[in-house]
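Enquirer: I need the structure of the sequence given here:
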Amino acid sequence: MKLELRHLRVVCAIADAGSLSKAASVLGLAQPALTAQLHRIEALLGGRLFERDHKGARPTPLGELVLERARVLLPAFSRLQEDALRLVDDGEPGERHRVGAVNGPMLGGLVHRLTEEHPGSPVSTQVSWSNDELAAMVAAGRLDYVLVGVCGDAPPPADHGLTWSVIAVEPVFVLVPEDHPSALLEEVDLAALADTQWAAVPGDGCFGDCFVAACSRAGFTPRTLYEVDMAACIDLAAGGDAVVLCQPTFRHTPGLVTMPLAGVPLRWRHLIGWDPEGPAAAFGPQVLRYAAEAYRETAERSARYASWLAAHPEFGTVGHHANV
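Expert: I've put the predicted structure just below:
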């Protein structure tokens, strides 16, 4: 795991709020999830960033250094994004499609549909691990639409005034080597994996907390959950070093298989958001339909997931009326 801009935003949010509980509310996170993020950031930087007590959180000397640099870097990065978008946006508002996305299965298919059905409209993309960062870019007019994922019934970012619609609801699968003892089963009990290490791609929501809670319900406390990019997840799974928590649409990789978890202890919702007052709002329902089509197409590529969906019709794409 490397230091990223989203980590600097977390540090600034804690410093500005003066406590982890207030910062968690501002960021739309559960406090345990924010605390866990802070611990990971401190581990990356080699020391404590805040002194915390009943009065709140105060920056340490290391924290002051990080804050000083972050308050220079973050505005500079935002200006860079704005200048770059002004340079590449040749069309007028409403004649272009600027799409942001977190890790998910639909971005490629959505871009394909937009470019095929609307060849005269430029399409640009922005990828981030942070739902909140992308939502803020839509609110600021730097993106038109954003594809995000949230765990279970958790809400999407609520501080930016966006309209949100559910594209699909899916189970969380696990990625294991094809010679794993569970690989030939129809599904695997979470408790049967109690002694393994775990891996998942990073994010700024409550997925880590939900995973720990699911393990607790299954009767165990999970070992280390590595937060790494998808390439590292594949390496860890292939080497037998970790079981990867993954989306069921994960593209087939030789030597690896995706497995459903019995009882669906973890769910994931894919959402799309846009500014209801922005110029792109009128086209939002069409983009939602394109995203749903892209999801169905991706799901059909996985024989195991397609079979699972046939037996669990309450999952997969939902009606276009499903607003959040």
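Enquirer: all strands for the protein, in order.
Expert: Per DSSP state E, the chain carries strands over the ranges 50-53, 56-59, 97-101, 123-127, 145-151, 163-171, 173-177, 198-200, 225-227, 243-246, 256-260, 267-274, 316-317.
Enquirer: any chance of JSON lines for these, columns mean pLDDT?
Expert: Shown next, in JSON lines, are the strands of the chain (pLDDT from 0 to 100):
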{"stretch": "strand 50-53", "mean pLDDT": "91"}
{"stretch": "strand 56-59", "mean pLDDT": "92"}
{"stretch": "strand 97-101", "mean pLDDT": "94"}
{"stretch": "strand 123-127", "mean pLDDT": "92"}
{"stretch": "strand 145-151", "mean pLDDT": "94"}
{"stretch": "strand 163-171", "mean pLDDT": "95"}
{"stretch": "strand 173-177", "mean pLDDT": "95"}
{"stretch": "strand 198-200", "mean pLDDT": "94"}
{"stretch": "strand 225-227", "mean pLDDT": "88"}
{"stretch": "strand 243-246", "mean pLDDT": "96"}
{"stretch": "strand 256-260", "mean pLDDT": "94"}
{"stretch": "strand 267-274", "mean pLDDT": "95"}
{"stretch": "strand 316-317", "mean pLDDT": "94"}
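Enquirer: as JSON lines, these with mean neighbour count would be great.
Expert: Where you see a C-beta, it was placed from the backbone N, CA and C, and this is true even at glycine. Shown next, in JSON lines, are these (neighbours: other C-beta atoms under 10 Å):
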{"stretch": "strand 50-53", "mean neighbour count": "14"}
{"stretch": "strand 56-59", "mean neighbour count": "17"}
{"stretch": "strand 97-101", "mean neighbour count": "24"}
{"stretch": "strand 123-127", "mean neighbour count": "16"}
{"stretch": "strand 145-151", "mean neighbour count": "25"}
{"stretch": "strand 163-171", "mean neighbour count": "22"}
{"stretch": "strand 173-177", "mean neighbour count": "23"}
{"stretch": "strand 198-200", "mean neighbour count": "22"}
{"stretch": "strand 225-227", "mean neighbour count": "18"}
{"stretch": "strand 243-246", "mean neighbour count": "24"}
{"stretch": "strand 256-260", "mean neighbour count": "21"}
{"stretch": "strand 267-274", "mean neighbour count": "24"}
{"stretch": "strand 316-317", "mean neighbour count": "20"}
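Enquirer: now render these as CSV, adding distance to residue 292.
Expert: Below are the strands of the chain laid out as CSV (distance: least, C-beta to C-beta, whole Å):
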stretch, distance to residue 292
strand 50-53, 43
strand 56-59, 42
strand 97-101, 15
strand 123-127, 18
strand 145-151, 11
strand 163-171, 5
strand 173-177, 20
strand 198-200, 25
strand 225-227, 29
strand 243-246, 21
strand 256-260, 21
strand 267-274, 9
strand 316-317, 5
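Enquirer: what's the closest of the ones you listed to residue 79?
Expert: strand 123-127 (15.3 Å; C-beta to C-beta).
Enquirer: pLDDT below threshold where in the protein?
Expert: Residues of the chain meeting the criterion pLDDT under 70: 1, 28, 81-95, 320-324.
Enquirer: quick one: residue 162 and residue 282, what's the gap?
Expert: Distance of residue 162 to residue 282, given as C-beta to C-beta, to the nearest Å: 15 Å.
Enquirer: next one: residue 15
Expert: Using C-beta to C-beta, which is the criterion applied here, residue 15 is 40 Å from residue 282.
Enquirer: then residue 137?
Expert: Per C-beta to C-beta, residue 137 is found 20 Å from residue 282.
Enquirer: now the helices: where do they sit in the stretch 151-300 of the chain?
Expert: 207-217, 230-238, 284-300 (DSSP state H, counting those that start in this stretch).
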